[in-house]
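Student: Below are the sequence and a predicted model; questions follow.
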Amino acid sequence: MTLIASLLGFAGSSFAQSVEAEAEASEGEDGSGGSDRSGDSALGASGQGQGHGHGHESSSAETDGDAAVETDVDAAAAMGVEAAMAAEAAIAETVELPPRVPLLDPELTPEEPEVRPPLAAPGHGAPLHWNENWGHWGLADQINLGIMLGSTIAFQIVGPRRTGDDAWTGTTALDRTFRRGLAVNNIARRQRIRDASDVFLTLAVSWPLLFDGLASALWYHQSPKVARELALLSVETQFITASIQSLANILGSRRRPYVTDCGGLVDERDQECRGRVRFRSFFSGHTSQAFAGAATTCVFHARVPLYGGSGIEALPCVAMMTVAAATGLFRILGDMHWATDVITGAAVGITVGSLVPALRMRTWGDRTRVRIAPHGLGLALLGHY
């Protein structure tokens, strides 16, 4: 583009030089004509006057010629520049120039990189997150678990405080109706039903511990921290439920339904008719612990996406509640508990199984904070509840 502009400029300069040469030649001709006219004027006075007049006209023509030459040179130069600019514009229209890169603003700070959750290992789910606001299983939980475990063992050793005729033998219309309509009268079938209730209990109690805590959180999601919290929380919930149920056995000392069949359908020499276990009817331990495990499962899946989140998390909750309900029903079919024993056990199990993990994994309000601070001449225990 610059080369073309130079050529055009050179052409304009050449044109200006040719115009200047023609102007000089014309000036030479005007000078010779003036000399001839001066010679002729020497012949007479009148001729001198005319010659002087012609010389003055020649000088004026010379001045006009110089001005014309300068005007032509300027016009030629302007034409050359305009032509060069026009050629440059034409080339710019046909040649596609690269886009201009904007300069970076030094005042702008670079954006922080996006933090993405860790990727799942092949064959495993995404790692789970334990909310730090939920706290961790610590010293207070260890003390509580020790107390619940010790009290459960102690209550089982002590046994019902009333036996024989002093035991609680009263029933309700609901109890009698359910026993009359549901209790199995065949001893062998009763035992099979009782064994099935043991299987249901094991499944409901072990689900939040083994399947949610260990199989799902630890193995599948590879989240040992979450697995530890879920497993220990599940164990703590079960021992709290067992401790409450064992205490109720001692205080209630209620006679089991099948005792009315001792000496008839059931052999009096059978251990069930002779041991203190026959006075442990209220309330149903199988039912309470099964519902506690089911409720714990529901809370775990409501707080942690063990199965990936969304509606699928409701499946284990519904399944375990069904298993717990079957456990209670089979305790009535096996003639081990009255209906009110099962209903009370279900209520206690759901309450403990929901509150214990939900209070730990709660998402509303501030957690309880306790601290020691100076107060007067001593110390004060301050807390936010």
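Tutor: Looks like it came in fine. As the structure is a computational prediction, the values presented were derived from the model and not from experiment. Numbers count the residues shown, from 1 in each chain.
Student: so where do the strands sit in this protein?
Tutor: For the chain, the strands defined by DSSP state E occupy 369-375, 378-384.
Student: So which residues of the stretch 101-250 of the chain form helices?
Tutor: 139-158, 173-182, 187-206, 224-252 (DSSP state H, counting those that start in this stretch).
Student: Deepest-packed of the ones you listed, please.
Tutor: helix 224-252 (a mean of 21; mean count of other C-beta atoms under 10 Å). Using the backbone N, CA and C atoms, a C-beta is placed for each residue, glycine as well.
Student: what's it packed up against?
Tutor: helix 139-158, helix 285-303, helix 339-360 (3 or more C-beta pairs under 8 Å, 6 or more residues apart in numbering; DSSP states H and E).
Student: With respect to Pro316, which of those helices lies nearest?
Tutor: Checking the helices and strands packed on helix 224-252 against Pro316 by C-beta to C-beta gives helix 285-303 as the closest, at 5.4 Å.
Student: Measure how buried the residue lying closest to Val342 once chain neighbours are set aside is and give me the count.
Tutor: The spatial neighbour of Val342 that comes closest, neighbours along the chain excluded (C-beta to C-beta, 6 or more residues apart in numbering), is Gly328 at 4.1 Å. Gly328 has 25 neighbouring residues, counting by other C-beta atoms under 10 Å.
Student: How about the contacts made by Gly328?
Tutor: Applying C-beta atoms under 8 Å, 6 or more residues apart in numbering, we find Gly328 in contact with 284, 286-287, 290-291, 342, 345-346.
Student: With mean pLDDT as added columns, please give the helices of the stretch 101-250 of the chain in a markdown table.
Tutor: A markdown table is the format used below for the helices of the stretch 101-250 of the chain (pLDDT from 0 to 100):
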| stretch | mean pLDDT |
| --- | --- |
| helix 139-158 | 94 |
| helix 173-182 | 96 |
| helix 187-206 | 96 |
| helix 224-252 | 96 |
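Student: how far away is Asp175 from Ser197?
Tutor: Distance of Asp175 to Ser197, computed by C-beta to C-beta, to the nearest Å: 18 Å.
Student: repeat for Thr340
Tutor: 17 Å.
Student: before we move on, what about Val342?
Tutor: 11 Å.
Student: Name the residues contacting each of those two.
Tutor: Arg331.
Student: between the helices of the stretch 101-250 of the chain, which gets nearest to Pro127?
Tutor: Distance to Pro127, taken as C-beta to C-beta, is lowest for helix 224-252 among those, at 8.4 Å.
Student: Let me know the angle separating the closest one from helix 139-158.
Tutor: Relative orientation of helix 224-252 and helix 139-158, computed by axes from the mean of the first three to the mean of the last three C-alpha atoms, to 10 degrees: 30 degrees.
Student: Tell me where the model's unsure across the stretch 1-150 of the chain.
Tutor: Across the stretch 1-150 of the chain, residues meeting the criterion (pLDDT under 70) sit at 1-123.
Student: Identify the residues contacting Ala183.
Tutor: Contact analysis of Ala183 by C-beta under 8 Å, 6+ apart lists 257, 332-335.
Student: what do you get if the cut-off is 7 Å, keeping everything else the same?
Tutor: By C-beta atoms under 7 Å, 6 or more residues apart in numbering, Ala183 lies in contact with 257, 332-333, 335.
Student: and stretch 167-175, C-alpha only, in PDB?
Tutor: Listed next in PDB are the C-alpha coordinates belonging to stretch 167-175 (Å, rounded to 0.1, in the frame of the first residue of the first chain):
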ATOM      1  CA  ALA A 167     -47.400 -58.400  88.200                       C
ATOM      2  CA  TRP A 168     -49.400 -56.100  85.900                       C
ATOM      3  CA  THR A 169     -52.100 -58.300  84.400                       C
ATOM      4  CA  GLY A 170     -54.600 -55.700  83.300                       C
ATOM      5  CA  THR A 171     -55.600 -55.400  79.600                       C
ATOM      6  CA  THR A 172     -57.700 -53.200  77.400                       C
ATOM      7  CA  ALA A 173     -60.500 -54.000  75.000                       C
ATOM      8  CA  LEU A 174     -58.000 -53.200  72.200                       C
ATOM      9  CA  ASP A 175     -55.600 -55.700  73.600                       C
END
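Student: Residues in contact with it: which ones?
Tutor: Contacts of stretch 167-175 (C-beta under 7 Å, 6+ apart): 252-255, 279, 282, 338-340.
Student: Try it again at 8 Å.
Tutor: 160, 162, 252-255, 257, 279, 282, 338-340.
Student: Most neighbours out of those residues, which is it?
Tutor: Highest neighbour count within the contacts of stretch 167-175: Trp338, with 28 neighbours (other C-beta under 10 Å).
Student: OK, contacts around that one?
Tutor: Neighbours of Trp338 in contact, by C-beta under 8 Å, 6+ apart: 171-172, 175, 178-179, 254, 257, 281-282, 332.
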